[in-house]
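A.B. asks: Turn this into a model:
(2 chains)
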Amino acid sequence: MFFTITHTHGAARRGVLQTPHGAINTPAFMPVGTQGAVKAVTHRDLEALGVEIILGNTYHLFLRPGAERIGRLGGLHKFIGWDRPILTDSGGYQVFSLAARRKIHEEGVTFRSHLDGSEHMLSPEGAADIQGHLGSDIAMVLDECLEHPATPERARESVDRTLRWAKRGRDHFLKLRDRTAPDAFFTNIGQAQFGIIQGGTSPDLRKRSAEGTLEVGFDAYAIGGLSVGEPIPLMYDITEQTAQMLPADRPRYLMGAGTPVDLVECVMRGVDMFDCVMPTRNARNGQLFTSHGRLNIKNAEFAEDMRPLDEQCGCYTCQHFSRAYLRHLFQAGEMTSGTLNTLHNLHFYLDTMNRIREAIVFRTLEELRQNYRRIFPAQTADSTLEG
RNA sequence: GGGGAGGUGGCAGAGCGGUCAAUCGCAGCAGGCUGUAAACCUGCCGCCUUCGGGCUACGGAGGUUCGAACCCUCCCCUCCCCA
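C.D. replies: Below is the predicted model:
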């Protein structure tokens, strides 16, 4: 994995990340394809949109169809028919999102499967093994995504456990990479592994987590545990502080964020990579991102509106279909509703990243930020401070 | 002509003397989704409301009762079966 920074503007960086399956222009947005599929769209759609990297999930793919099976079939890329880069999350987010179905202990996390109720254990070593079978270009170390709010004791305990897991996860990954583990199995010999900084909303714990994780030493680092319900301005502050603690010559990945405004704000704080379910999930739920803000296609006001979602948008959906038709498709529960809406939202997100990369080169990020704040007023730092 | 069933809020369909402005579902309206248990979830859904409540309601008209969507009488209207 090679990371080259070509331009900087303030804390923002414009770069290129080389992986075994090709290059990624950063700052990058990675659509989420949890089960080896970005919901509602085909790989051909993603390629046409210019998607350079997608996410898969260790937990989901481990439960179904099984990591070893994917390994036997030649790895995740071959299995799903996608030859561009893939990043796999470790299952750390499921520690948070499936809190009711899991138990954390020193060894790892025990999950009760959301599919059939069966019990499964995910350890730092196991997560590395699974991702080795999957053969993603970037593997994430198993962490504990801390909930918000959390007591100081709970946060401290969680950070330290994540650090111990980081050491174990990294050691095991290196053994696999060096073929010194008994059943080392990599379908992608050039796989990189990212460490994850936790620490909730405490600057001190973030520092502790960053120092410990850097000491373990990963190929690059992610900021985890944010956009889990904390106030947005606080999320930006923690992102900024944490990003500054990370090596300047490695990509920085803010996990799980965010809204279009989050993307701009966090690039300006030094983030290079993002992933978020928002464009895809919200699309299926009828919420579209446009140059005029969020548009809820479910609303009755669009029933006879023959205009495109966004007259400034060049996506397939906006080039061919009206709001009236898209509303009808949603109301009727047609599958193409999710598809057309997803194509639009992903286009909006990728276009946002294009604008961001361009604004770094031309040093116009502040202008872009003001523009996005104006379009999405409810998501700006200022308005979320109250209450 | 004979016999039977039934008319409840947009639809469908419970309720069968008070706890019913009326179960559940669908449709409708609005909101929420940030490393996806999410084509999901939440709220509203007779009229008015200062959200406490007020008003009008269960085909129509009478009646019984402290009290009726629920019981009785008559009327109107559907549907099914046999001729």
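A.B. asks: Please name the nearest non-neighbouring residue to the residue in chain A positioned nearest to RNA strand B.
C.D. replies: Minimum separation of chain A from RNA strand B (C-beta to the nearest atom of the strand) falls at A:C145, amounting to 2.3 Å. (Each C-beta comes from the backbone N, C-alpha and C, glycine too.) Among residues not flanking A:C145 along the chain, A:F96 sits closest, at 3.8 Å (C-beta to C-beta, 6 or more residues apart in numbering).
A.B. asks: Tell me how many other residues surround that neighbour.
C.D. replies: Here the number of neighbours of A:F96 (other C-beta atoms under 10 Å) works out to 19.
A.B. asks: again, but for A:E211
C.D. replies: There are 12 residues near A:E211, going by other C-beta under 10 Å.
A.B. asks: Apart from its neighbours in sequence, what residue is nearest it?
C.D. replies: Of all residues not flanking A:E211 in the chain, A:M245 sits nearest, at 7.5 Å (C-beta to C-beta, 6+ apart).
A.B. asks: I'd like to know how far that neighbour sits from A:A155.
C.D. replies: A:M245 is 17 Å from A:A155, where distance means C-beta to C-beta, to the nearest Å.
A.B. asks: repeat for A:H133
C.D. replies: 33 Å.
A.B. asks: roughly how far is stretch A:34-49 from the heart of the chain?
C.D. replies: Distance, stretch centre to chain centre, for stretch A:34-49: 15 Å (C-alpha atoms, centre = their mean, to the nearest Å).
A.B. asks: swap in stretch A:298-308?
C.D. replies: The chain centre lies 32 Å from the centre of stretch A:298-308; the measure is C-alpha atoms, centre = their mean.
A.B. asks: First-to-last residue distance for that stretch?
C.D. replies: Stretch A:298-308 has an end-to-end distance of 15 Å (C-alpha to C-alpha, to the nearest Å).
A.B. asks: same check, this time on stretch A:293-304
C.D. replies: Counting by C-alpha to C-alpha, you get 20 Å between the two ends of stretch A:293-304.
A.B. asks: what about A:A139, is that helix, strand or coil?
C.D. replies: Three-state call for A:A139 (DSSP: H, G, I helix; E, B strand; the rest coil): strand.
A.B. asks: re earlier: A:M245 and A:A155: which is more packed in?
C.D. replies: The residue with more neighbours, out of A:M245 and A:A155, is A:A155; 23 against 18, by other C-beta under 10 Å.
A.B. asks: Report all helices and strands that the helix or strand encompassing A:R208 contacts.
C.D. replies: If you go by DSSP states H and E, A:R208 is part of helix A:203-216. Identification of packing neighbours for helix A:203-216 by 3 or more C-beta pairs under 8 Å, 6 or more residues apart in numbering; DSSP states H and E yields helix A:152-177, strand A:192-197, strand A:220-223, helix A:232-245.
A.B. asks: so what's the most far-flung residue of chain A relative to its centre closest to, chain neighbours aside?
C.D. replies: In chain A, A:E304 marks the outermost C-alpha relative to the chain mean, sitting 36.3 Å out by C-alpha atoms, centre = their mean. Ranked by C-beta to C-beta, 6+ apart and with sequence neighbours excluded, the top spatial neighbour of A:E304 is A:A324, at 5.6 Å.
A.B. asks: Secondary structure class of that neighbour, three-state.
C.D. replies: Classification of A:A324 using three-state DSSP returns helix.
A.B. asks: which ones are touching it?
C.D. replies: Neighbouring residues of A:A324 by C-beta atoms under 8 Å, 6 or more residues apart in numbering: A:F302, A:A303, A:E304, A:D305, A:M306.
A.B. asks: Pretty sure the fourth one sits against A:F321.
C.D. replies: Pointing back at A:D305 there. No - between A:D305 and A:F321 there is no contact, the gap being 11.5 Å when judged by C-beta atoms under 8 Å.
A.B. asks: who are the neighbours in contact with the residue nearest the centre of chain A?
C.D. replies: Nearest residue to the geometric centre of chain A (C-alpha atoms, centre = their mean): A:D275, 2.2 Å. Listed by C-beta under 8 Å, 6+ apart, the contact set of A:D275 reads A:F29, A:M30, A:P31, A:V32, A:L55, A:L87, A:Y253, A:M255, A:G256.
A.B. asks: In JSON lines, list these along with neighbour count.
C.D. replies: Listed next are these as JSON lines, based on neighbours: other C-beta atoms under 10 Å:
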{"residue": "A:F29", "neighbour count": "23"}
{"residue": "A:M30", "neighbour count": "22"}
{"residue": "A:P31", "neighbour count": "24"}
{"residue": "A:V32", "neighbour count": "20"}
{"residue": "A:L55", "neighbour count": "21"}
{"residue": "A:L87", "neighbour count": "26"}
{"residue": "A:Y253", "neighbour count": "27"}
{"residue": "A:M255", "neighbour count": "25"}
{"residue": "A:G256", "neighbour count": "23"}
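A.B. asks: Which members of these are positioned in strands?
C.D. replies: Among the contacts of A:D275, the members falling in strands (DSSP state E) are A:F29, A:M30, A:P31, A:L55, A:L87, A:Y253.
A.B. asks: what's the closest of the contacts of A:A324 to A:D204?
C.D. replies: Closest approach to A:D204 among the contacts of A:A324 (C-beta to C-beta): A:F302, at 48.9 Å.
A.B. asks: Alongside RNA strand B, which residues does the stretch 251-387 of chain A contribute?
C.D. replies: A:255-259, A:262, A:275-278, A:280-282, A:284-287, A:294, A:296, A:298-301, A:303, A:331, A:333, A:335, A:338, A:378-379 (C-beta under 7 Å from any atom of the strand).
A.B. asks: What sits closest to A:A243 if chain neighbours are left out?
C.D. replies: Leaving out its chain neighbours, the residue that sits closest to A:A243 by C-beta to C-beta, 6+ apart is A:G270, at 3.6 Å.
A.B. asks: With just CA atoms, put stretch A:206-225 into CSV.
C.D. replies: What follows is stretch A:206-225 as a C-alpha-only set of coordinates in CSV (Å, rounded to 0.1, in the frame of the first residue of the first chain):
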residue,chain,number,x,y,z
ARG,A,206,-8.3,9.8,22.2
LYS,A,207,-4.7,10.7,22.9
ARG,A,208,-4.2,7.6,24.9
SER,A,209,-5.8,5.5,22.1
ALA,A,210,-3.8,7.2,19.4
GLU,A,211,-0.5,6.8,21.1
GLY,A,212,-1.1,3.2,22.0
THR,A,213,-2.3,2.3,18.5
LEU,A,214,0.6,4.1,16.8
GLU,A,215,2.9,2.2,19.1
VAL,A,216,1.5,-1.1,17.8
GLY,A,217,2.0,0.2,14.3
PHE,A,218,-0.4,-0.3,11.5
ASP,A,219,-0.3,0.5,7.8
ALA,A,220,-2.7,3.4,8.4
TYR,A,221,-5.2,4.6,11.0
ALA,A,222,-8.9,5.1,11.3
ILE,A,223,-10.9,7.3,13.6
GLY,A,224,-13.7,5.2,15.0
GLY,A,225,-16.4,5.6,17.6
